[in-house]
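Student: Generate a structure from the sequence data that follows.
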Amino acid sequence: MFCFQCQEAAKGTGCTVKGMCGKEGSTADLQDLLIYNLKGIGVLAKKAKAAGVEMPGSTGNFVAKGLFTTITNANFNDESLNKWILDAQVVKKQLSAAVSDKIGADLPDCATWYSNDVSTFAAKAATVGILATENEDVRSLRELLILGLKGISAYADHAAGQLLPGV
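Tutor: Below you'll find the model as predicted:
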């Protein structure tokens, strides 16, 4: 576990065993794995768009809601996060099937990794979490962008709920 996304972060640097907010390490790991799968959706969607394939709005909505569910204190329920990861893999499979003949085989692991067995999630999460990126400059920039996208997703979710009830 490594989590640094809130003002409660241990010693102002990050929580490594359990979150000061109460978040368990398993939860932080599942959030990292969900983000990893959302990145895979992004990779596939970008390649699909470049190939001229129309992307349904539901794909972007799913990514926004998935990012929002990983924001601090929004979802500490491991069972819910497992479902989000499984659902993200369904979206990846749908995208992949729709564009497999147009995007080639050169895809990163985040776009091709699948497992329906939630018991494998912890092991995979350990390899894709925040600290998996060794270069701290690259890691810092990547996480800054992800935190910004999480914030935008939170605003989008709130706005959609108020402007478009029932959506």
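Student: Distance check, the residue most central in space within the chain against Val53.
Tutor: Nearest to the mean C-alpha position of the chain, by Cα atoms, centre = their mean, lies Ile35 at 1.6 Å. Ile35 is 24 Å from Val53, where distance means Cβ to Cβ, to the nearest Å. For every residue, glycine as well, the C-beta is placed using N, CA and C.
Student: Also Leu33?
Tutor: 26 Å.
Student: When those two are compared, which one has more neighbours?
Tutor: Neighbours were counted for Leu33 and for Val53 using other Cβ atoms under 10 Å; Leu33 has more, 29 against 15.
Student: check contacts around the more buried one.
Tutor: Residues in contact with Leu33 (Cβ atoms under 8 Å, 6 or more residues apart in numbering) are 85, 121, 124-125, 128.
Student: how near is the residue nearest to Leu149 when sequence neighbours are not counted to Asn82?
Tutor: Spatial nearest neighbour of Leu149, excluding adjacent residues (Cβ to Cβ, 6 or more residues apart in numbering): Leu67 at 5.6 Å. In this view, Leu67 and Asn82 are 17 Å apart by Cβ to Cβ.
Student: likewise Val138?
Tutor: 29 Å.
Student: Neighbour count for those two, which is higher?
Tutor: Asn82 (16 against 10).
Student: in which helix or strand would I find that one?
Tutor: In the assignment (DSSP states H and E), Asn82 maps to helix 78-103.
Student: Output the contacting helices and strands for that helix.
Tutor: helix 25-50, helix 57-69, helix 109-112 (3 or more Cβ pairs under 8 Å, 6 or more residues apart in numbering; DSSP states H and E).
Student: Now render those as TSV, adding mean pLDDT.
Tutor: Listed next are those as TSV, based on pLDDT from 0 to 100:
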stretch	mean pLDDT
helix 25-50	92
helix 57-69	91
helix 109-112	94
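Student: Compare these and give me the one nearest Ala154.
Tutor: helix 57-69 (5.1 Å; Cβ to Cβ).
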